[in-house]
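Q: Need a 3D model of the following:
(chains A and B)
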Amino acid sequence: MRKFGLLLSLLVLSGCAFYSLVPAGKVTVDDTYTFTTQQDWNTNTQFGQVNLTLDGQGIQQIIATDGIENEKKAFALPGRTLPTYKSSMSPLEVKDFVRDTVAGMGAEQIEETEFRPADFGPWPGFRTEYRYFSKNGLVRRMIVTGTQHNDKLYLIIFAAPELHFFEKHKPEVEYILNSIQAIAKS
Amino acid sequence: MRIKRCIPVLAIGALILAGCQTTGQNKWVTANPQKVAPQSAEGPSTLVAQGITRDEIFEVGRNPYAYQNIPPNSRPATDTTEAGIWYVVDKVEEKSKTAGNLIRDEELQKYIDGIVCQLAGPYCGDVRVYVQNIPAFNASMAPNGMMSVWSGFLLRAQNEAQLASVLGHEIGHYIRRHTIQGMEDQVAKSNFGMVFQLAAATMGVPVAGNVAQLMLVGSLFSFSRDNEREADLIGVSLLAKDGYDTREAAKIWQHVIEETDPDGENTGTTNFLSTHPSGKERQETLTSLANELQGPGKWGKTYKERFDAIVGPWKHQFIMDEMRLEKWDNMLRLVKILEGSGVAEDKIAFYRGEVFRRRGNEGDADAEELDDRQDDIDRAFNHYRKAADLNTQIPEAYRSLGLVYEAKDMPSKAKQAYMKYLALMPDAKDAKMIKYMIDSMGAPVS
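A: Numbering: from 1, shown residues only, chains lettered A, B, ... in the order given. A predicted model of the protein is given here:
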């Protein structure tokens, strides 16, 4: 029992989260919107944020944030300098916010390849793409789409190594992004 | 329980790797027989003109620890303390070669390699430079000749002489084997913990080339103040040897202190300041050395033009990287120092605007804070306006001006600023979004 407690503590301390294989279908985020996957994904949900991967977070990862509130940061990462979101931000300031967040998460030498308007389900939003280095020098790519809705910022982030994995999973990611639907509030 | 059993084994392994055995030998083997170090330096050398030979320059440091200089083109024999240390650091270096923050620019690398090679003379083949994109003032030297140059240092250096002064200082640490001196001091003080920490971290850390790892290595290889003084002496001597203006060595330190320690409290806010002699002492020493080695009428050159040609184009990126650290007071002081170094007025206005705008975007939402924020937005606005009045060709200045106009609810002016941005940078990555924003505003351009 004591060993189990120790193991649990270690897992919590190391930030490990439990994933479970979720069949293809609808995924709900923050009771605000859904998206649909075409294949089974290992999924976990923490505090409303949904994380998906097939082979491990370093290989491919989709993060659907819960709504980032005014004056909050996108992620709680102790020891890292992450910017603060303001609901008054214009799309261009949101762009800087997203980029600085990605840099704060450890992406090195980020190259922005585009930033353009893109609908996020029924809401007007944006889409940006990055090419960057991981800490150990692996070239990775990232797609970030998002929207400001009800004073909150919603993001869906897809990241994978440029070599093989990014292009391999891109069609599934595009499908997911095109499938976003608002949850009707009663 | 298993972990407990492992600790003594790991500790012994680490100590062996770190070479905590009998020390004091000076045994060397040839490192790279195929590498031939340059035999002569180009350019004027005041010391040479004074009849002082290159070999004498390398002997210029005092020898309080009775350690020999490391011989050029060599590495310690495997049965020595230093071999253990080198083994550990070689592993760190392997990771540095592919680190994500490594700046992979051939021209910049060649330029800095060239300066190092020139300064190091017979040690040219022994020192390897890694230019890393890390927004803080630092450069470091590992005992095996791995030199790390951070982008924050390149941002703050104002000419080649200043760059060379720090590179020469680091070369001094290598030549004089300051690491082994420091390590043996630690061992003498029974401070094995740090030795163990480094060995364990180096062997076990899965993340390559990250700042934490560099800091850990840096903390182990933080040299004593006597070592630092000796490295200063060597650094200035090497500057003189290659005809640089030796007064620049004191200037870069003066600027760093103005930025990070304006009240003279030396709180250790940078790696350098925490381990180095006090700013005042350092400036006096470096100035005195400069006078001794060159003196009025014999000052060397700063080589500012060629420095600006190679490093200058990087500075915009480096200063924008620094903004992400959100150290706004430091940033304002840094911008002031850049202003004093001759950076164009429109650029200075833009950077000041960026500091105020970004600072205005953070903080809590209480009423007082909101007032401060509004003040910052107004300050940012004034600086962007100034940049625009100076007809700046920095596209981002107009983009930021547009943002501030929007914040001040002046859509027509914002639209005008965004259009100027697009005119200067039609292929901007965010051009589609800007056009969308302009269309959404609908306000006629006044």
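Q: who touches the strand ranked longest in chain A?
A: Looking across chain A with DSSP state E, the single longest strand is strand A:108-120. Residues outside strand A:108-120 that contact it (Cβ atoms under 8 Å, 6 or more residues apart in numbering or on different chains): A:33, A:91, A:95, A:99, A:102-103, A:124-135, A:145-147, A:149, A:154, A:156, A:180, B:99-101, B:103, B:133, B:429-430, B:432-433, B:436. To be clear about C-beta, it is placed using only N, CA and C from the backbone, and glycine gets the same treatment.
Q: Chain A contacts on the stretch 1-150 of chain B?
A: With Cβ under 8 Å from any Cβ of the partner chain as the criterion, the stretch 1-150 of chain B meets chain A at residues B:Lys95, B:Thr98, B:Ala99, B:Gly100, B:Asn101, B:Leu102, B:Ile103, B:Asn133.
Q: Now list the buried members of those.
A: Among these, those scoring as buried are B:Lys95, B:Ala99, B:Gly100, B:Asn101, B:Leu102, B:Ile103, B:Asn133 (criterion: 16 or more other Cβ atoms under 10 Å in any protein chain shown).
Q: so can I have JSON lines of those showing pLDDT, distance to B:Leu238 and secondary structure?
A: JSON lines is the format used below for those (pLDDT from 0 to 100; distance: Cβ to Cβ, whole Å; DSSP: H, G, I helix; E, B strand; the rest coil):
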{"residue": "B:Lys95", "pLDDT": "93", "distance to B:Leu238": "29", "secondary structure": "helix"}
{"residue": "B:Ala99", "pLDDT": "96", "distance to B:Leu238": "27", "secondary structure": "coil"}
{"residue": "B:Gly100", "pLDDT": "96", "distance to B:Leu238": "32", "secondary structure": "coil"}
{"residue": "B:Asn101", "pLDDT": "96", "distance to B:Leu238": "27", "secondary structure": "coil"}
{"residue": "B:Leu102", "pLDDT": "97", "distance to B:Leu238": "25", "secondary structure": "strand"}
{"residue": "B:Ile103", "pLDDT": "97", "distance to B:Leu238": "24", "secondary structure": "coil"}
{"residue": "B:Asn133", "pLDDT": "96", "distance to B:Leu238": "26", "secondary structure": "coil"}
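Q: out of the residues you listed, who's nearest chain A?
A: Chain A lies nearest to B:Gly100 out of those, by Cβ to the nearest Cβ, at 3.4 Å.
Q: show me the residues around that closest one that make contact.
A: A:Ala107, A:Glu108, A:Gln109, A:Tyr132, A:Phe133, A:Ser134, A:Lys135, A:Asn136, A:Gly137, A:Leu138, B:Ala208, B:Gly209.
Q: Tell me which residue is most central in chain B.
A: B:Phe153 (2.8 Å; Cα atoms, centre = their mean).
Q: what's near enough to touch that residue?
A: Counted by Cβ under 8 Å, 6+ apart, B:Phe153 has contacts B:Phe137, B:Asn138, B:Ala139, B:Val166.
Q: ditto for B:Ala164
A: B:Ala164 neighbours (Cβ under 8 Å, 6+ apart): B:Ile115, B:Leu119, B:Leu238, B:Leu239, B:Asp242, B:Tyr244.
Q: if you set the cut-off to 6 Å instead, what comes out?
A: Applying Cβ atoms under 6 Å, 6 or more residues apart in numbering or on different chains to B:Ala164 gives the contacts B:Ile115, B:Leu239, B:Tyr244.
Q: ok, residue 123 - how many residues close by?
A: I'll assume chain A. 16 (other Cβ atoms under 10 Å in any protein chain shown).
Q: my question was about chain B
A: B:Tyr123 has 22 neighbours, counted by other Cβ under 10 Å.
Q: From chain B, how far off is A:Arg99?
A: 9 Å (Cβ to the nearest Cβ, to the nearest Å).
Q: That residue: neighbouring residues, count only.
A: 19.
Q: now do the one 4 residues further on
A: Other residues lying near A:Ala103 total 21 when counted by other Cβ under 10 Å.
Q: so which helix or strand takes in it?
A: For A:Ala103, the element it lies in under DSSP states H and E is helix A:91-104.
Q: Adding distance to B:Trp86 as columns, could you present the residues of the stretch 1-150 of chain B next to chain A in CSV?
A: Converted to CSV, those look like this (distance: Cβ to Cβ, whole Å):
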residue, distance to B:Trp86
B:Lys95, 15
B:Thr98, 20
B:Ala99, 19
B:Gly100, 25
B:Asn101, 23
B:Leu102, 21
B:Ile103, 25
B:Asn133, 26
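Q: Can you tell me which of the residues you listed is closest to B:Arg75?
A: Taking Cβ to Cβ as the measure, B:Lys95 is the one of the residues of the stretch 1-150 of chain B next to chain A closest to B:Arg75, at 19.2 Å.
Q: and that closest one, how far is that from A:Lys135?
A: 9 Å (Cβ to Cβ, to the nearest Å).
Q: Would you mind giving the secondary structure of the closest residue in space to A:Ile63 that isn't next to it in sequence?
A: Nearest residue to A:Ile63, sequence neighbours excluded (Cβ to Cβ, 6 or more residues apart in numbering or on different chains): A:Ile157, at 4.5 Å. With DSSP: H, G, I helix; E, B strand; the rest coil as the basis, A:Ile157 sits in strand.
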